[in-house]
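Visitor: Have a look at this prediction, sequence included:
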Amino acid sequence: MNSSDPTSDSPSRKDVWKMFDRIAGRYDFLNRSLSLGQDIRWRKCMRRYVPSGRPVRIVDLATGTADQLLFLLDGKAEIQTADGYDLSEEMLEVGRKKIRQRGVEDRVKLHTGDAMASPAADASADVVTISFGIRNVMDVPTALRDMKRILVPGGVVCILECSVPQNSVVRRGYLLYFRHILPKLGGWVSGDGDAYRYLNKTVETFPCGEAFCEWMRDAGFEDVKAEPMTFGVATLYTGVRPMEEGA
């Protein structure tokens with residue numbers, strides 16, 4: 001694994017939103033099925049980083065079908081506004097339908113936007129989230145710096161991403177599933193085998209654990225932590241924008 005360049009041995013991220021456009025209609029179903037429902041628990045874990053007792057503004061990058069925003073909203077009445085940004089219009093349209101069905105259009109808005117240069121204003125969010133999206137951006141350090149720009153001083157970034165388990169026994173079983181079973185199942189259900197071969201290759205070559213924490217520190221975050229989930233098949237990274245810094 002190359003910790004300085006996640007794209008060196010993995011598929012190009014150029015125009016990856018086109019792939020998500022193709023699988024948008026099956027994306028949520030496949031997430032639930034292929035993670036055995038664990039992605040719901042992982043996403044809900046972010047709720048504890050949302051401040052309580054005051055109005056909160058959330059920005060979710062690579063928001064896709066708005067799953068992360070809606071799971072946060074279900075458990076945190078303090079969320080006053082929640083804005084999601086993504087480049088895949090087909091994914092956003094699925095998300096907008098879910099938002100209308102929940103009747104939360106007054107608080108949740110979805111917009112076209114790139115995680116490397118979000119249209120969100122400087123210091124406009126108390127919490128910035130991104131779930132299963134950071135490994136898909138062309139330039140991760142640039143995206144991390146932009147997340148810091150969006151946060152208010154003292155604000156928290158939460159980054160949920162797939163990772164490779166460190167335990168040798170778990171790792172062996174995980175890689176068997178991830179390399180040989182998941183691509184076939186995902187391709188069969190979605191009709192797009194390339195999308196799920198891409199998933200396998202990008203996860204295995206993307207920096208995780210301490211290597212990714214170092215990127216967050218380099219971008220200017222403090223109190224950086226990595227929390228492995230479900231034996232390390234996913235990791236929740238958190239960090240804080242320092243109080244004394246400007247944008």
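Guide: Thanks, I have it.
Visitor: show me where pLDDT drops low in this protein?
Guide: Along the chain, the model assigns pLDDT under 70 to residues 1-12, 15, 186, 189-190, 192-193, 195-196, 198, 245-247.
Visitor: can you give me the helices in it?
Guide: With DSSP state H as the criterion, the chain has helices at 17-34, 38-44, 67-75, 89-102, 140-150, 168-176, 182-190, 193-205, 210-218.
Visitor: Include mean neighbour count when you put those helices into TSV, please.
Guide: From N, CA and C alone the C-beta is placed, and that goes for glycine too. Below are the helices of the chain laid out as TSV (neighbours: other CB atoms under 10 Å):
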stretch	mean neighbour count
helix 17-34	17
helix 38-44	18
helix 67-75	21
helix 89-102	18
helix 140-150	21
helix 168-176	13
helix 182-190	17
helix 193-205	18
helix 210-218	17
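Visitor: any chance of those helices in JSON lines, plus distance to residue 156?
Guide: Output for the helices of the chain, formatted as JSON lines (distance: least, CB to CB, whole Å):
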{"stretch": "helix 17-34", "distance to residue 156": "24"}
{"stretch": "helix 38-44", "distance to residue 156": "15"}
{"stretch": "helix 67-75", "distance to residue 156": "12"}
{"stretch": "helix 89-102", "distance to residue 156": "23"}
{"stretch": "helix 140-150", "distance to residue 156": "10"}
{"stretch": "helix 168-176", "distance to residue 156": "29"}
{"stretch": "helix 182-190", "distance to residue 156": "31"}
{"stretch": "helix 193-205", "distance to residue 156": "24"}
{"stretch": "helix 210-218", "distance to residue 156": "12"}
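Visitor: closest one to residue 236 among the ones you listed?
Guide: Closest of the helices of the chain to residue 236 is helix 38-44, at 6.9 Å (criterion: CB to CB).
Visitor: Could you name the helices and strands sitting against the lengthiest strand in the chain?
Guide: In the chain, with assignment by DSSP state E, the single longest strand is strand 151-162. Judged by 3 or more CB pairs under 8 Å, 6 or more residues apart in numbering; DSSP states H and E, the packing partners of strand 151-162 are strand 125-131, helix 140-150, helix 210-218, strand 234-240.
Visitor: go again using 6 Å as the cut-off
Guide: With contacts taken as 3 or more CB pairs under 6 Å, 6 or more residues apart in numbering; DSSP states H and E, strand 151-162 sits against strand 125-131, strand 234-240.
Visitor: How far off centre is that strand?
Guide: Centroid displacement of strand 151-162 relative to its chain, using CA atoms, centre = their mean, to the nearest Å, is 11 Å.
Visitor: surely residue 221 meets residue 239?
Guide: Yes - counting by CB atoms under 6 Å, residue 239 is a contact partner of residue 221 at 3.1 Å.
Visitor: list the contacts for residue 119?
Guide: Contacts of residue 119 were listed using CB atoms under 6 Å, 6 or more residues apart in numbering, and they are residue 113.
Visitor: and it, backbone torsions?
Guide: Note on residue 119: backbone dihedrals following degrees, to the nearest 10 are phi -70, psi -10.
Visitor: Can you tell me how far it is from residue 32?
Guide: 30 Å (CB to CB, to the nearest Å).
Visitor: Repeat that for residue 230.
Guide: Distance, residue 230 to residue 32, using CB to CB: 14 Å.
Visitor: Same question for residue 206.
Guide: Taken as CB to CB, the span from residue 206 to residue 32 is 22 Å.
Visitor: cool, and residue 175?
Guide: Here residue 175 is placed at a distance of 22 Å from residue 32 (CB to CB).
Visitor: swap in residue 236?
Guide: For residue 236 relative to residue 32 (CB to CB), the value is 19 Å.
Visitor: just residue 73 next, same as before
Guide: Distance of residue 73 to residue 32, computed by CB to CB: 18 Å.
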